[in-house]
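Enquirer: this one's sequence-less:
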């Protein structure tokens, strides 16, 4: 196998692993912690003149206090629709309004809720691990196909499998760090 082809499999593996980790991090931003975060409403979509639009494209979202979110719509007429979308979401928070903006006060998480959110984080992390292992499996298949096609010697194939496994281990270490950090944020009082 040419060094370029060997490197291509290594590069594709890294890209796939990075993509899985990035997706996990984006998903975890929407999981509630002890602190308010504008990311909590990023995935909530509002029916804005017939188009489902993310809240962060329709309003300024800020956190003036550690447990409070303020949503100030660019178009005040959309306030009621934003409020409905938040109430339908799984946030479990009823927004207060003064006619110009919405305030979401995060209630203190109970121990049971913290455990539930920590469990959700673990589930999401396990899904990311599975995605990463699927990347490894696919890249190992590419290497085996190259071996059968005569583009790769058995030694090169073995080295490539080892390299892909090392990349997976490194990505899983990063994933573990992300998981620990998020669970620590959830458990923070």
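Expert: The structure has been received and is ready for your questions. Just so you know, these numbers come straight off a predicted model, no measurement behind them.
Enquirer: all contacts plus neighbour counts: C-alpha atoms, from now on.
Expert: Will do.
Enquirer: gap between the helix ranked longest in the chain and the chain center?
Expert: Counting by DSSP state H, the longest helix found in the chain is helix 111-148. Relative to its chain's centre, helix 111-148 lies at 13 Å (Cα atoms, centre = their mean, to the nearest Å).
Enquirer: Output the contacting helices and strands for that helix.
Expert: helix 3-29, helix 154-187 (3 or more Cα pairs under 8 Å, 6 or more residues apart in numbering; DSSP states H and E).
Enquirer: any idea how this structure splits into domains?
Expert: Domain ranges of the chain: 3-30+110-187, 38-105, per automatic domain parsing.
Enquirer: any idea which of the ones you listed scores lowest on pLDDT?
Expert: Mean pLDDT per stretch puts domain 38-105 lowest among the domains of the chain, at a mean of 85.
Enquirer: Could you work out the end-to-end span of that one for me?
Expert: Using Cα to Cα, to the nearest Å, one end of domain 38-105 lies 12 Å from the other.
Enquirer: still on that earlier bit, can you lay out the domains of the chain as CSV showing mean neighbour count?
Expert: Shown next, in CSV, are the domains of the chain (neighbours: other Cα atoms under 10 Å):
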stretch, mean neighbour count
domain 3-30+110-187, 16
domain 38-105, 16
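Enquirer: distance from the centroid: which residue in this protein tops it?
Expert: residue 150 (39.9 Å; Cα atoms, centre = their mean).
Enquirer: Tell me if I'm right that residue 129 and residue 173 touch.
Expert: No. Taking contacts as Cα atoms under 8 Å, residue 129 lies outside contact range of residue 173: 10.5 Å.
Enquirer: Could you check how far residue 178 is from residue 24?
Expert: 9 Å.
Enquirer: I misspoke; the intended subject was residue 145.
Expert: From residue 145 to residue 24 the distance is 30 Å (Cα to Cα).
Enquirer: for residue 87, same thing?
Expert: In terms of Cα to Cα, residue 87 sits 25 Å off from residue 24.
Enquirer: now do residue 139
Expert: From residue 139 to residue 24 the distance is 21 Å (Cα to Cα).
Enquirer: which residues does residue 128 contact?
Expert: 20, 21, 24 (Cα atoms under 8 Å, 6 or more residues apart in numbering).
Enquirer: Dump these into TSV; add distance to residue 63 as well.
Expert: TSV is the format used below for those (distance: Cα to Cα, whole Å):
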residue	distance to residue 63
20	29
21	26
24	23
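Enquirer: between those, which is closest to residue 133?
Expert: Nearest to residue 133 out of the contacts of residue 128 is residue 20 (Cα to Cα; 10.1 Å).
Enquirer: Was I right to think the closest one contacts residue 131?
Expert: Yes. With contact defined as Cα under 8 Å, residue 20 and residue 131 form a contacting pair (6.4 Å).
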